[in-house]
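Novice: what follows is a predicted structure for the sequence shown.
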Amino acid sequence: MNAIYDGFNDRTPDAIVQRLGQTLAQGLEKQNKPRFLFRADDIGVPGHNFTRMMELFLEYQVPLCLAVVPTWLTRQRWEALAPFADKGGDLFCWHQHGWRHMNYEVQGKKQEFGPGRPVGDIQNDLAKGKQRLSAVLNHRFAPFFTPPWNRCTRETMAALVNLGFEGISRSAGSHPLPPDQLKEMSVHVDLHTRKDRSPDLGWQALFNEFAQGMESGVCGIMLHHMRMDQGAFLFLESLLRQVAGQTRIEVATFSTLAGKGGFNAIP
Ligand SMILES: [Zn+2]
């Protein structure tokens, strides 16, 4: 799972809370008004971890972007998720993830929207996904796209523009760059799919990701609720508490970032 959270029992260790506080304080010294962006992937199936994650964001009133896998979301499942959407309102930005969340690449890194597929198939999956999510989520659906594994081709992004999508979210520094019509809203911090060689190295890397994200102006934080254990929930709560308690940090969603304009390329 995530070795960095090993040994967390009933609370986040003081040393970690302090380092987090220092990292945020240093980020605030360099950026007067840094923004944060939280993105939760692989959404569509209700369950204990989903509920626990949503309750934390509601409790601290922190906005969250949710990447929904269209084929995982049935009307029946949406009935179980919808109460959170109702409670959160504009706090939550429900947007599109990979149609089936499948890897089609036979070599190299995993991709659902990579070079290993005919462009027509990719266009179809994007269109079907948008249609399904619009039908089920209705006015809750926001026209943004998170590609599985944070990568996709240039042709995918051109198709997104044709379908009326306004933005895409991948890892910071991703290539190819999006067309001008598509705003880039990157993630820097990976909370739950890390592959660190040791917890110490992991924490060092994680706090570096926070620092880099804050320096960019919009610090994107990626969550995978299905991979979360008790320690991961404890740390998330510590993070939300500090972010919510820091008035100089504004938490954005894709919608609020897009609405403000002028963010053609957020690094
Ligand atoms: Zn995913």
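Specialist: Nice, thanks for sending it over.

Novice: who are the packing partners of the helix or strand harbouring Leu257?
Specialist: According to DSSP states H and E, Leu257 maps onto helix 254-260. Where contact means 3 or more C-beta pairs under 8 Å, 6 or more residues apart in numbering; DSSP states H and E, helix 254-260 is packed against strand 35-43, strand 92-96, strand 141-145, strand 167-168, strand 183-185. For the C-beta atoms, the positions are set from N, CA and C on the backbone; glycine is no exception.

Novice: try 7 Å this time
Specialist: strand 92-96, strand 141-145, strand 183-185 (3 or more C-beta pairs under 7 Å, 6 or more residues apart in numbering; DSSP states H and E).

Novice: okay, the ones you listed, which one's buried deepest?
Specialist: Stretch with highest mean neighbour count among those: strand 92-96 (a mean of 26; mean count of other C-beta atoms under 10 Å).

Novice: any residue of that one touching the ion?
Specialist: No. Strand 92-96 does not reach the ion (C-beta under 5 Å from the ion); its nearest approach is 11.3 Å.

Novice: then that strand to PDB, C-alphas only?
Specialist: What follows is strand 92-96, C-alpha atoms only, in PDB (Å, rounded to 0.1, in the frame of the first residue of the first chain):
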ATOM      1  CA  PHE A  92     -17.600  19.300  -5.500                       C
ATOM      2  CA  CYS A  93     -16.600  19.300  -9.200                       C
ATOM      3  CA  TRP A  94     -17.800  16.000 -10.800                       C
ATOM      4  CA  HIS A  95     -15.900  15.400 -14.000                       C
ATOM      5  CA  GLN A  96     -14.900  12.700 -16.500                       C
END
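
Novice: show me the contact partners of it.
Specialist: Contact partners of strand 92-96, identified using C-beta atoms under 7 Å, 6 or more residues apart in numbering, comprise 64-68, 70, 85, 129-130, 133, 137, 140-142, 144-146, 253-255.

Novice: secondary structure class for Lys109?
Specialist: Applying DSSP: H, G, I helix; E, B strand; the rest coil to Lys109 yields a three-state assignment of coil.
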